[in-house]
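In: sequence first, then the predicted structure, then my questions.
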Amino acid sequence: MNSKEKEKIFVRSEILNHAVKTLTEDRLNATLVNPDYMRLIRDTLRESDYGYDFLAKLVNDESLEKWNSVYYSLVGNKKPSDLRVAYLSGPNPENDLEILTKLGVLPENVWAFESDNEMYKIALESALKSRYPHIKIQKCKISDFFNNTPIKFDIVYLDFCGPLPNRNKKQRNLSTLTSLFVNHVLNSPGVLITNFSLPTLNQDNKGRDLIGKLISAYLYRKSFLESPDPLEPDNNYVKKYTNDENLIPYRFYEGHRDIDFPKWLKNISSNLEGYYSQFITRFIIELSSIIIPYYSFSSKKSYMNQLFKELSKKQKANFIENFYVYKKESNNDINKYLKNNIFDQEKYYEDYNIRMNTTSPIERLNGTIHNNNFPILWSLSSLYRNRNSEDEKFHYLINNDLDFSNYAELFLEQISPNNNIEDLFSNIELIFFLISDEYIDRNCDLYAEKMCELSKIDWMMNVPQLCDLFLFHQIKEFLVRQLAVPYHTNLTKTRRWSYKAKKTRMFTDLFVFDECRYLYDWMPSIGMIKESLLKDINRQLIFRFVLDGVSRHNRRLIDELFYGTAAICKFQYKGLEFENLRLRKFIN
């Protein structure tokens, strides 16, 4: 191994050590919720004199043990020799295997992939000369393997080396991530490791410009961003981060209405490494937990029909047209706004002096609006010329820059499982609409019979309230995700590194994913969930404790995922706080 690659060797050793340890000896902490957390939240609420917190006393040890039994049956135990690993081979597949075998992984449980014919020959020769002549080196694209072979892995290591996204149409690294999530390649809990580069100005000035524009649009509506420490000068931007709500967006507001986009774009470009670092992490988390699960669910007619009525193409188009946050509406009647589910921030602010900084559905009903509603839809639609034509902020990005328009659409095409951008939007837009806010929840024209029954229940009056209000939209979201089977990210175990390979800066991310079936399998499906929530207070409370634990990993990254499901105040009790991503570790 070239001594100049010492930084990469160090990072490789760190990531594989952390991955194996997390999935074996520290396995119970790999899940978003575990028995220790359940006992802690139950015992803490027992001592509270606030509201209905005292009901936690109903959750006795026997009840917790029932949930624990479900948890242990799903999570299980694993030794290093039980782990199955997949990675990109490159010319020296033995480098990764050397570390894995020292950690106790069996060579027979390791798959390496190489699609380039010449590189494959070099890899075979290198492996045959090594101590691992029986390693499986598969000559194919790893995404093709994911699509066609029903083998699941505990660790997948994708050392792409190129940028995310790559503007070289032959290097479709993003399609590999899409195929991994669509096919549920990872066991749960499981580890995904990615490695992407950011080209220097000399290597690809045009590529950096395109990446900067894409990141500017993608991060534009996020309510939480990793931001530079306000006590540090801007030239330390890359290495000094806080995770502070709205710190970056508010620096670029003009008045109360919106972010000064040209100023925002300039800031992104001048601090590209820092924003690129968080774009990689945020995007992969959103792809795994929202974008792919919603697409997959919406594309399955039998699943949709269990919860929602079948809608015609015209009905879908009408709903979606009235859904987008930037859609203009001249009528000032707020009831019509609410009825049509239209969000026009400037009009709301001018006519009703609306407060910012809330995403609670109830607060929206009372006439408030958040500057960051549905940021994932904002992010994706701002990159697509068919969706952003009415928004002047992004018009010049797409319509006046053909190179960027093509680049953005290549990005969108690769995150669509069938490479069709229109299908991507129509599928995920519909799910966002159907599980959104309270003011459509009494409209049984949208719901299947059982969902309609649930929508007519006054959940606020029939369910004891804990920290956050228990509302119907939480049940809808749960039922969709119960069948969509998303990956949730464990922020406490996720790790990030950055190092320079020669002159190129690399960004390595290690995601710990959890399907959280101890949440989704704990409750019955739609036909019986009413009885569980209204007649079995013990099961209901345990459900809400688990939901609390899952949502605390999402609150500061994804507004759209289980918002407002806290069972206990996250600012008051140690061990029950919202989780943050760890800072990226810069090696050199």
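Out: All right, it came through fine.

In: can you give me phi and psi for the nearest residue to residue 435 once chain neighbours are set aside?
Out: Leaving aside its sequence neighbours, residue 435 sits nearest to residue 476 (CB to CB, 6 or more residues apart in numbering; 4.5 Å). Where C-beta positions appear, they are placed from N, C-alpha and C, glycine not excepted. Dihedral angles of residue 476 (phi, psi; degrees, to the nearest 10) stand at phi -60, psi -50.

In: burial check on residue 476, number of neighbours?
Out: By other CB atoms under 10 Å, the residues close to residue 476 number 22.

In: and it, how close does it get to residue 562?
Out: Separation of residue 476 from residue 562 (CB to CB, to the nearest Å): 11 Å.

In: and if you look at residue 457?
Out: Residue 457 is 19 Å from residue 562, by CB to CB.

In: just confirm residue 78 contacts residue 25, I think it does.
Out: No - counting by CB atoms under 8 Å, residue 78 does not reach residue 25; the two are 9.6 Å apart.

In: which one's more surrounded, those two?
Out: Set residue 78 next to residue 25 and count neighbours by other CB under 10 Å: residue 78 wins out with 17 against 13.

In: surely residue 418 is in a helix?
Out: No - using DSSP: H, G, I helix; E, B strand; the rest coil, the assignment for residue 418 is coil, not a helix.

In: give me the phi and psi angles of it.
Out: Dihedral pair for residue 418: phi -110, psi 20, per degrees, to the nearest 10.

In: quick one: pLDDT of it?
Out: You'll see residue 418 listed with a pLDDT of 92.

In: next: residue 470.
Out: Looking at residue 470, the pLDDT reads 87.

In: go on, residue 57?
Out: 89.

In: repeat that for residue 128.
Out: If you check residue 128, the pLDDT there is 85.

In: from residue 201, how far out is residue 270?
Out: For residue 270, the distance to residue 201 - CB to CB - is 12 Å.

In: who has more neighbours, residue 457 and residue 562?
Out: Set residue 457 next to residue 562 and count neighbours by other CB under 10 Å: residue 562 wins out with 22 against 16.

In: OK, contacts around that one?
Out: Residues near residue 562 by CB atoms under 8 Å, 6 or more residues apart in numbering: 474, 477-478, 547, 550-551, 554.

In: lowest-confidence one in the residues you listed?
Out: Lowest confidence among the contacts of residue 562: residue 554, with 84.

In: that one - that's part of a strand, no?
Out: No - counting by three-state DSSP, residue 554 is not found in a strand; it is coil.

In: now residue 278: closest residue in space that isn't a chain neighbour?
Out: Distances taken as CB to CB, 6+ apart put residue 226 closest to residue 278, at 4.6 Å, once the chain neighbours are dropped.

In: distance of the one you found relative to residue 273?
Out: 12 Å.

In: flag the shaky bits of the protein, pLDDT-wise.
Out: Applying pLDDT under 70 to the chain flags residues 1-4, 227-260, 315-373, 387-400, 437-443.

In: spell out the residue ranges of the strands in it.
Out: Under the criterion DSSP state E, the chain contains strands at 85-88, 110-113, 136-138, 153-159, 186-198, 224-228, 241-245, 253-254, 258-259, 488-489, 495-501, 504-514, 585-586.

In: give me whichever of those is most buried.
Out: Most buried of the strands of the chain, by mean neighbour count (mean count of other CB atoms under 10 Å): strand 488-489, with a mean of 26.

In: quick one: strands adjacent to that one?
Out: strand 504-514 (antiparallel) (DSSP bridges).

In: contacting residues for residue 539?
Out: 522-523, 532-533.

In: now render those as TSV, adding distance to residue 196.
Out: Below are the contacts of residue 539 laid out as TSV (distance: CB to CB, whole Å):
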residue	distance to residue 196
522	36
523	38
532	43
533	43
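
In: adding neighbour count and distance to residue 42, write these out as JSON lines.
Out: Converted to JSON lines, these look like this (neighbours: other CB atoms under 10 Å; distance: CB to CB, whole Å):
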{"residue": "522", "neighbour count": "19", "distance to residue 42": "15"}
{"residue": "523", "neighbour count": "21", "distance to residue 42": "18"}
{"residue": "532", "neighbour count": "16", "distance to residue 42": "18"}
{"residue": "533", "neighbour count": "22", "distance to residue 42": "18"}
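
In: contact partners for the nearest residue to residue 215 once chain neighbours are set aside?
Out: Once flanking residues are discounted, residue 215 sits nearest to residue 279: 4.7 Å by CB to CB, 6+ apart. Taking CB under 8 Å, 6+ apart as the contact definition, residue 279 lies against 164, 215, 218-219.

In: residue 279 and residue 290, how far apart?
Out: Taking CB to CB as the measure, residue 279 falls 16 Å from residue 290.

In: just to revisit the earlier point, and of the strands of the chain, who's closest to residue 383?
Out: In terms of CB to CB, the element of the strands of the chain nearest to residue 383 is strand 258-259, at 16.7 Å.

In: do a quick rundown of the helices in the stretch 351-500 of the chain.
Out: Remark: helices assigned in the stretch 351-500 of the chain by DSSP state H, counting those that start in this stretch are 361-365, 375-381, 392-399, 402-414, 421-434, 449-455, 459-462, 472-484.

In: deepest-packed of those helices, please.
Out: helix 375-381 (a mean of 23).

In: mind saving the C-alpha coords of that helix as PDB?
Out: In PDB, the C-alpha atoms belonging to helix 375-381 read as follows (Å, rounded to 0.1, in the frame of the first residue of the first chain):
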ATOM      1  CA  PRO A 375     -38.600  21.100   2.400                       C
ATOM      2  CA  ILE A 376     -38.000  17.800   0.600                       C
ATOM      3  CA  LEU A 377     -40.600  18.600  -2.100                       C
ATOM      4  CA  TRP A 378     -39.100  22.100  -2.300                       C
ATOM      5  CA  SER A 379     -35.700  20.700  -2.800                       C
ATOM      6  CA  LEU A 380     -36.700  18.300  -5.500                       C
ATOM      7  CA  SER A 381     -39.100  20.500  -7.300                       C
END
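
In: before we move on, back to that, of the helices of the stretch 351-500 of the chain, which is nearest residue 36?
Out: helix 472-484 (23.4 Å).

In: what helices or strands is that closest one leaning on?
Out: When contacts are defined as 3 or more CB pairs under 8 Å, 6 or more residues apart in numbering; DSSP states H and E, helix 472-484 packs onto helix 292-298, helix 301-307, helix 421-434, helix 449-455, helix 517-520, helix 529-535.

In: with distance to residue 69 added, can I get these in JSON lines?
Out: As requested, these are exported to JSON lines (distance: least, CB to CB, whole Å):
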{"stretch": "helix 292-298", "distance to residue 69": "27"}
{"stretch": "helix 301-307", "distance to residue 69": "27"}
{"stretch": "helix 421-434", "distance to residue 69": "32"}
{"stretch": "helix 449-455", "distance to residue 69": "28"}
{"stretch": "helix 517-520", "distance to residue 69": "10"}
{"stretch": "helix 529-535", "distance to residue 69": "17"}
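
In: do you know which of the ones you listed lies nearest residue 133?
Out: With CB to CB as the criterion, residue 133 lies closest to helix 292-298 of those, at 37.5 Å.

In: hmm, who's touching stretch 521-529?
Out: Residues contacting stretch 521-529 (CB under 8 Å, 6+ apart): 67, 70, 74, 306-307, 448, 450-451, 454, 475, 478-479, 482, 532-533, 539, 542-543, 546.
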